[in-house]
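1. here is my input; please provide its structure:
(one chain, ligands or ions: 2)
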Amino acid sequence: MARRTTGPAPALAAVGDTPLTALAGCGPKVAEKLAARGMTCLQDLWLQLPRQYEDRTRLTPIRALQPGVAAQVEGRVEAVERGFRYRPMLRVAIGDGSQATLVLRFFHFRAAQVAQFQPGARVRCYGTPRPGLHGLEIVHPSYQVLGAAAGDELGDALDPVYPAVEGIGPVSLRRLIGLALDRLPDDESLELLPDALREPLRLPSLRKALLTVHRPPRDADVAALLAGTHPAQRRLALEELLAHHLSLRRQRMAQQAHAAPVLADTGLAARLRDDLPFRLTGAQQRVFDEILLDLARPSPMLRLVQGDVGSGKTVVAAMAAMVAVAGGKQAALMAPTELLAEQHLANLRGWLEPLGIPIAWLAGKVTGKARAQVLAQVASGEAPMVVGTHALMQEGVVFHDLALAIIDEQHRFGVHQRLALRDKGVGGGDGPGAIVPHQLVMTATPIPRTLAMSAYADLDVSSIDELPPGRTPVQTVALSSERRPELVERIRVACAQGRQAYWICTLIDEPEEGDKPGAAMNGASMKIEAQAAQTTFEALSAQLPELGIGLVHGRMKPAEKQATMAAFKAGRIDLLVATTVIEVGVDVANASLMIIENAERLGLAQLHQLRGRVGRGSAESSCVLLYRSPLSMLARQRLETMRETSDGFVIAEKDLELRGPGELLGTRQTGLAEFRLADLVRDADLLPQVHALAEQLLVDAPDTADRIVARWVGSAVRYAGA
Ligand code: ADP
Ligand code: MG
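-> Ligands and ions are numbered 1, 2, ... in the order given. Take a look at the predicted model:
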């Protein structure tokens, strides 16, 4: 997307377009590094807003430190310990006479650093303390060893902390931003929000707001700035939220400008419904009706169906697919893991084959002749319904007439992937004359309403807000891992009664890695997790010789995984030891007991997903959250939330409160660039204004709307050239 192409820009506004190489000290190399982060002109640096501030204007006594709250501390070195646990480590204990000790912990350090920390040396440091083995500790604080004499003035204003840019040190980055700010033009040429819209909100001008957040004046409201609620920050957050909202609205408008097949229900969906062994819930029927209305329009449906785990989204999707198939067209269902896709395949076969509808299967492991055959069936239209994984989006996959693309557990996919399946419509992509399939995306991660309106401004949202009848709520308890032996007995009893159980092994982080639930898994952590599961599997097999025990983890061959899952589903395995690979979708109604090890390491959304694997039948189910002490405050709150509620929406709200929307939604899910400054929870009260402003701008000043999007979202919406 070209930058600021619309409207005659006032001459001075062009200052913002000045390339960064115009700044002293910004040679081609530095410019390249900045460009890699999407920063090419002055305006990009103006909007490179501080993520937070460091308050070095005062010292906090060690005794008054709070876990998780950054602070500046000064003290004398009391003890130094060099050790080696998993890797080299340096621990420096400092005291400040406040009857408490703080440990500074380093994993990377040079000999010269060790030499600095002589007992008695005066150290000033800044960082975020966390509970450690012996009281609070700060890992890799920024620090300074002070001279023997007194002195060393405290700072007199907050220090902005900018998001790191690879290859440019924080000092250079700050200098460059400072130089860019020196060229900030006057209000008139900078401001994009029409006065009539801005004035009633009583927020400062853009220029004033930018200067305040980058260079907090001495007398600024420190507490407000630290909390992100200063009027200057609110002003910027408003404009940023507006830009993102406008950009999603634009994407949606662009999408809907395409043609889509008009589909009418010919009764096939009703036949499927009538053949089901259960009755649809009211919520399922309502959501299906909403989908039907969308499908009957000549523009593509863009609908998100959110429904708690077990609410029965799959059958609604299958009914939607029947509408496409009845119209002589194709439907595709894509799931994020092979395990889940296989399960959909089995379910759909059970439902659709009696209706005479064959289902094609496409996953990474389908290769050679089999693959060629499936591709041919998909291309000829012989296969009306295709189920699979990411493999569905690959280049060689050509549909004859794809009318409906269904994406399950969409939070596991990126927006780009969603669009890739869309591009499988007739005529391919979004070129002229292309027919775009209707899109149905499903998620079990409920999104609080305010957030949904912002994160999914490009989608309509339907909620299956009712569980099928006859489910008994899962009893959840949290137990210290010392009580593990009791659980072995509990499994023995449950399985003797013909029930089945899951034992979930999670990654055990090294404690110093910080408290980051739900962090993305890389190959190494998957390996550690697999090892933990292997060990647990062996131990439980020894302790429970009379049971059939299976093992599933991410490093097994798909065929092995599937065989084990099938055996578990068929009841040939009593106890399934698994890693979090079974988090999504797995459905075995007879399983009524789940044990989650190291539950304190997992985020709420993940715990909720896992727990959703039990309580699917009529048997009384329970979930045991095993944790290792000591619990951080956040972990304690998460476990408490899990004990108190099984309502996915309540859990999502709580998750949002504890983690913030960035982690809840993730950039992958929203397809948004990370916000520079806005925070959907903190700034939630701005959202109604944002929506109203967007509405007005789109009608009255579409050019301005474009410029606001370009300014804040810029290249990040390239994919949205949709
Ligand atoms: P999710 O919304 O988590 O994807 P599923 O679609 O996997 O849920 O459904 C969970 C289970 O509930 C499946 O076994 C499904 O067949 C069953 N189910 C779906 N709808 C109903 C219903 N209305 N009554 C009873 N069982 C249902
Ligand atoms: Mg599902």
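
2. can you list contacts of stretch 138-158?
-> Contacts with stretch 138-158, where a contact means C-beta atoms under 8 Å, 6 or more residues apart in numbering, come from 53-59, 72, 74, 102-108, 116-117, 121-130, 215-218, 220, 222, 225-226, 512, 514. For glycine as for every other residue, the C-beta is placed from the backbone atoms N, C-alpha and C.

3. of those, which belong to helices?
-> Judged by DSSP state H, the contacts of stretch 138-158 include Q116, V222, L225, L226 as members of helices.

4. top of the residues you listed by neighbour count?
-> Comparing the ones in helices among the contacts of stretch 138-158 by number of neighbours (other C-beta atoms under 10 Å), L225 comes first, having 22 neighbours.

5. which residues touch it?
-> Under the criterion of C-beta under 8 Å, 6+ apart, the contact list for L225 reads Y53, L158, V213, P216, Q233.

6. rerun at 6 Å
-> L225 makes contacts with Y53, L158, P216, as judged by C-beta atoms under 6 Å, 6 or more residues apart in numbering.

7. again, but for L362
-> Neighbour list for L362: V374, G388, A391, L392 [criterion: C-beta under 6 Å, 6+ apart].

8. what's the helix or strand for Y502?
-> strand 500-504 (DSSP states H and E).

9. up against ligand 1, what does the stretch 151-300 of the chain have?
-> With the criterion set to C-beta under 6 Å from any ligand atom, the stretch 151-300 of the chain comes near ligand 1 through F278, R279, L280, T281, Q284.

10. in this protein, which strand is the longest?
-> Secondary structure of the chain per DSSP state E: the longest strand is strand 71-84.

11. which positions in the protein make contact with ligand 1?
-> Taking C-beta under 6 Å from any ligand atom as the test, the list of the chain residues beside ligand 1 reads 278-281, 284, 307, 309-315, 444, 468, 585, 587, 616.

12. from the contacts of L362, which land in strands?
-> Among those, DSSP E puts G388 in strands.

13. helices and strands of this structure: which one bottoms out on pLDDT?
-> The element with the least model confidence among the helices and strands of the chain, by mean pLDDT, DSSP states H and E, is helix 661-670, at a mean of 45.

14. continuing past it, what's the next helix or strand?
-> Scanning onward from helix 661-670 (DSSP H and E), the first element met is helix 687-700.

15. related to what we said a few turns ago, of the residues of the stretch 151-300 of the chain next to ligand 1, keep whichever come out buried.
-> The neighbour-count test (16 or more other C-beta atoms under 10 Å) marks L280, T281, Q284 as buried among those.

16. isn't there a strand covering the last one?
-> No - if the criterion is DSSP: H, G, I helix; E, B strand; the rest coil, then Q284 is helix and not within a strand.

17. and it, what does it touch?
-> G312, V316, I464.

18. distance of the last one relative to Q284?
-> Right, I464. Separation of I464 from Q284 (C-beta to C-beta, to the nearest Å): 6 Å.

19. where in the chain is pLDDT low?
-> Residue ranges of the chain with pLDDT under 70: 1-13, 85-86, 148-151, 410-420, 426-433, 446-456, 507-526, 583-585, 659-674, 715-722.

20. where does the residue in the stretch 401-550 of the chain that ligand 1 sits nearest to land in three-state SS?
-> Of all residues in the stretch 401-550 of the chain, the one sitting closest to ligand 1 is P468 (3.2 Å; C-beta to the nearest ligand atom). Per three-state DSSP, the secondary structure class of P468 is coil.

21. about what we covered before: are any of the residues of the chain next to ligand 1 buried, and which?
-> Among those, those buried by neighbour count (16+ other C-beta under 10 Å) are 280-281, 284, 307, 309-315, 444, 468, 585, 587, 616.

22. show me the residues you listed that map onto helices.
-> For these, secondary structure assignment (DSSP H) places Q284, K313, T314, V315 in helices.

23. nearest to V493, of the residues you listed?
-> Checking these against V493 by C-beta to C-beta gives T314 as the nearest, at 32.3 Å.

24. domains for this structure, by residue range?
-> With automatic domain parsing serving as the domain definition, the record reports that the chain contains domains spanning 59-153, 268-464, 474-513+526-645.

25. dump the ones you listed to JSON lines, plus distance to R174.
-> Compiled in JSON lines, these are given as follows (distance: least, C-beta to C-beta, whole Å):
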{"stretch": "domain 59-153", "distance to R174": "14"}
{"stretch": "domain 268-464", "distance to R174": "31"}
{"stretch": "domain 474-513+526-645", "distance to R174": "28"}
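
26. any idea which residue of the stretch 501-650 of the chain lies closest to ligand 1?
-> Closest residue of the stretch 501-650 of the chain to ligand 1, C-beta to the nearest ligand atom: D587 (4.8 Å).

27. can you check the stretch 151-300 of the chain too?
-> Scanning the stretch 151-300 of the chain for proximity to ligand 1 using C-beta to the nearest ligand atom identifies F278 as nearest, at 3.5 Å.

28. now do that residue against W351, distance only.
-> Using C-beta to C-beta, which is the criterion applied here, F278 is 11 Å from W351.

29. check contacts around E78.
-> Contact partners of E78, counting by C-beta under 6 Å, 6+ apart, are A93, G95.

30. likewise Q696?
-> Going by C-beta under 6 Å, 6+ apart, Q696 touches no other residue.

31. any idea how far it lies from G554?
-> 49 Å.

32. same check on L225?
-> Relative to G554, L225 is positioned 43 Å away (criterion: C-beta to C-beta).

33. what of A635?
-> Relative to G554, and taking C-beta to C-beta, A635 is found at 24 Å.

34. what of L176?
-> For L176, the distance to G554 (C-beta to C-beta) stands at 43 Å.

35. and if you look at A100?
-> Distance, A100 to G554, using C-beta to C-beta: 43 Å.

36. distance between the ends of stretch 179-195?
-> 28 Å (C-alpha to C-alpha, to the nearest Å).

37. the strands in the stretch 51-200 of the chain, which residues?
-> According to DSSP state E, counting those that start in this stretch, the stretch 51-200 of the chain carries its strands in the segments 52-54, 71-84, 88-95, 101-106, 122-127, 130-132, 135-139, 142-146, 159-161.

38. what do you get for the stretch 301-450 of the chain?
-> Remark: strands assigned in the stretch 301-450 of the chain by DSSP E, counting those that start in this stretch are 302-307, 330-334, 359-362, 385-388, 402-407, 438-443.

39. tell me what the fifth one is packed against?
-> By that I understand strand 402-407. For strand 402-407, the contact count by 3 or more C-beta pairs under 6 Å, 6 or more residues apart in numbering; DSSP states H and E identifies helix 313-326, strand 330-334, strand 438-443 as packing neighbours.

40. give me that answer again for 8 Å
-> Here strand 402-407 is seen to pack against helix 313-326, strand 330-334, helix 415-422, strand 438-443 when contacts are counted using 3 or more C-beta pairs under 8 Å, 6 or more residues apart in numbering; DSSP states H and E.
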